[in-house]
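> the following block contains a protein sequence and its predicted model.
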Number of protein chains: 2
Amino acid sequence: MAPIQNARVLFGSIPKTFPIPGETTLYDTTQTIDLETEPLNGGFLVKTLVLSLDPFLRMRMRDPSVKSYLNPFQIGAPLDGWGIGVVLRSETTGVEAGKYVYGVTISHQEYTVYPELGYLQILETHPGLSLAAYVTATGMPGQTAYAGWKEYSDAKPGEVAFVTSGAGAVGTLVIQLAKQAGMKVIASAGSEEKVKFMQSIGADVAFNYKTTDTGAVLEKEGPIDVFWDNVGGDIADVAIEFSAHKARYLACGSISGLNTGHQGVKNFHQIIRKALHVHGVLVLDLLPKYQEEFYATIPPKLASGELKYSEDVSRGLNTVGDVFVGVLKGTAKPVVIVADGW
Amino acid sequence: MAPIQNARVLFGSIPKTFPIPGETTLYDTTQTIDLETEPLNGGFLVKTLVLSLDPFLRMRMRDPSVKSYLNPFQIGAPLDGWGIGVVLRSETTGVEAGKYVYGVTISHQEYTVYPELGYLQILETHPGLSLAAYVTATGMPGQTAYAGWKEYSDAKPGEVAFVTSGAGAVGTLVIQLAKQAGMKVIASAGSEEKVKFMQSIGADVAFNYKTTDTGAVLEKEGPIDVFWDNVGGDIADVAIEFSAHKARYLACGSISGLNTGHQGVKNFHQIIRKALHVHGVLVLDLLPKYQEEFYATIPPKLASGELKYSEDVSRGLNTVGDVFVGVLKGTAKPVVIVADGW
């Protein structure tokens, strides 16, 4: 079999604010691969099927001298992140051809030889779930929502929850968990389409924060007892302003500061006078406690339709650059289908 | 008996930054009172013994149109706050002459007729404790330290605690509770004298934040597992920077922002990546759970000397204006002995 194209998305340069496709990220088609003869050296060859362009990737697009808990991307090398692939050939025990692998180190290229599983795991599939579900509702975002909610929300029927980025993979499950807990749910997102989606999954009050004043909504519909924040920045200040006494603030994301710098929380002093509880949600800390429960309850409910998830995806590795900017600006969903090898 | 002077401290005007004695607070000696004939109208006459000039009083020195959980002071009327007095005459059942009353509504004047107990309570005294102890170590500050620490610190032996305003009434008990829990204790305050005091009550690392770089201390002695913050502002950002994974941040005061405006917390996004827990400590929420335990354990230990407290006080109602500025600037202790009527 002749070599075929192995397209890649390379890290071109460090973005100053938002990434620029064609400059900070480069879609490259110069490389080829012979799928039958490419040496494996004990590893396995994977065809990339799905990538998730999560906001945290922006934190890896930085100067390597800046310390972080996340590795920086290397200029000229492909990006990598959450994704799914199917094994084409393997010299690794337990990673047979035909199996699916899932994890945070899936390379942004069509075909990749991995020397070992490392942080990847074999993906167990559930009948009735689409490809997108495995990097959203049953993947890290869904697990984050589930474990964080169970650990910190202390949700009580009749209380009010406010969820930012409510149409994202995390927010989607949080909205539904809050409704199941008997709460009134307020949810925000950045487009009318997302507002409709949030309403469709049960949000009592859904609004577009770009066209509606968040403070006015919260003043009317709040105060908030549980604040699930995927955004940070201004909206966190407003949410604290309209928080109830003893409210729980689950800080899960600060996407607003990734491109333009973190501005901090001005209303921090209100945490004292309202006796608020703020919890940084890191799923890896919570997973040991909740993983079994999660897999036992969530995938079956997603498959049966009792819980909903977004199937909004983009197609093609060449869309990665644009889609990622859209994710950071709140106008695109992070899931890219690279190939339908299912 | 002829009328005698009844000196008062009046609220003169709203301070722009720090209060100005003689302008925003006025020591007034124009009023007199006849202790034998002053009508009680069912209430009781109290001689003021002790006042505590706590930083929160600054929040009451504001424009009444600004909403707060604390009542604003009235221009031309005496200040009031935590204090102790002795009952001279009474027409109120259960508030007999000779009893001591304690609470947050003690007027800043030598003699006051209170129409009813209201938020005041009869003070039960403990042998071996000085007047100062009742508004510090066994009063609201001590109760705040005890209840907040028990509820939120999750202290474990060998962990590291950092306490700001460690020589204050709250910090003094927090340092000792942390040591009792087997922690290494770092403590900061604003003078060499306070540093010595913090060392004397057991702080392993005590430093003057005005002459020593907090970040350098925490980088060397941290990371911090428990951060008890009485200050807020810059130092909170530094503490978050040097916090350990899953650290607990007990936010008890934001004195730094009372006079010059709250600047917020710039490192808020680190709360997520370090999975921090931030708790606003409001003693009134926690008191029902811990009050009995507190009174059973803390006053006897203070009386026996097993726990220490500061006996640093000022004397005379005429010192209130200056002392309060000193409290806000970190150069004075809040306790003013108005009279030794013990």
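Thanks, I have the structure now.

> can you list the domains in chain A?
What automatic domain parsing lists as the domains of chain A is A:4-131+A:311-337, A:140-284.

> name the stretch among the ones you listed that sits most buried.
Among the domains of chain A, domain A:140-284 has the highest mean neighbour count (mean count of other Cβ atoms under 10 Å in any protein chain shown), at a mean of 21. For glycine as for every other residue, the C-beta is placed from the backbone atoms N, C-alpha and C.

> now that one: how far from the chain's centre is it?
For domain A:140-284, the separation from the chain centroid amounts to 16 Å (computed by Cα atoms, centre = their mean, to the nearest Å).

> whichever residue of the stretch 51-200 of chain A sits closest to chain B: what secondary structure?
Proximity of the stretch 51-200 of chain A to chain B (Cβ to the nearest Cβ) peaks at residue A:69, 5.8 Å away. Classification of residue A:69 using DSSP: H, G, I helix; E, B strand; the rest coil returns coil.

> give the contact list for it.
Contacts were defined as Cβ atoms under 8 Å, 6 or more residues apart in numbering or on different chains; by that measure residue A:69 touches residue B:273.

> retrieve the pLDDT associated with it.
On the pLDDT scale, residue A:69 is placed at 73.

> which ones are touching the closest residue to residue A:334 other than its chain neighbours?
Nearest residue to residue A:334, sequence neighbours excluded (Cβ to Cβ, 6 or more residues apart in numbering or on different chains): residue A:53, at 4.2 Å. If you count contacts by Cβ under 8 Å, 6+ apart, residue A:53 has them with A:81, A:320, A:323-324, A:327, A:334-336.

> going by distance to residue B:110, which of the residues you listed wins?
Of all these, the one sitting nearest residue B:110 is residue A:327; the distance, using Cβ to Cβ, is 67.0 Å.

> chain B contacts on chain A?
Those residues of chain A that sit near chain B, judged by Cβ under 8 Å from any Cβ of the partner chain, are A:69, A:232, A:236-237, A:245-246, A:251-254, A:257, A:262-269, A:271-282, A:285.

> stretch A:87-99: end-to-end distance?
End-to-end distance of stretch A:87-99 (Cα to Cα, to the nearest Å): 6 Å.

> could you list the residues in contact with that stretch?
The contact list for stretch A:87-99, computed with Cβ under 8 Å, 6+ apart, reads A:35-36, A:40-47, A:86, A:100-101, A:111, A:116-117, A:122-123.

> and stretch A:25-32, by the same measure?
Outside stretch A:25-32, the residues within contact range by Cβ under 8 Å, 6+ apart are A:3-12, A:19, A:21, A:79, A:109, A:317-318, A:320-321, A:324.

> cross those against strands and list the overlap.
Under the assignment DSSP state E, these contribute A:4-5, A:8-11 to strands.

> okay if I get these as TSV plus pLDDT?
Converted to TSV, the ones in strands among the contacts of stretch A:25-32 look like this (pLDDT from 0 to 100):
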residue	pLDDT
A:4	96
A:5	97
A:8	98
A:9	98
A:10	97
A:11	97
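
> wait, which of the residues you listed is closest to residue A:174?
Nearest to residue A:174, judged by Cβ to Cβ, of the ones in strands among the contacts of stretch A:25-32 is residue A:9 at 29.7 Å.

> for the closest residue to the closest one other than its chain neighbours, give its distance to residue A:16.
Of all residues not flanking residue A:9 in the chain, residue A:108 sits nearest, at 4.0 Å (Cβ to Cβ, 6+ apart). Residue A:108 sits 21 Å away from residue A:16, going by Cβ to Cβ, to the nearest Å.
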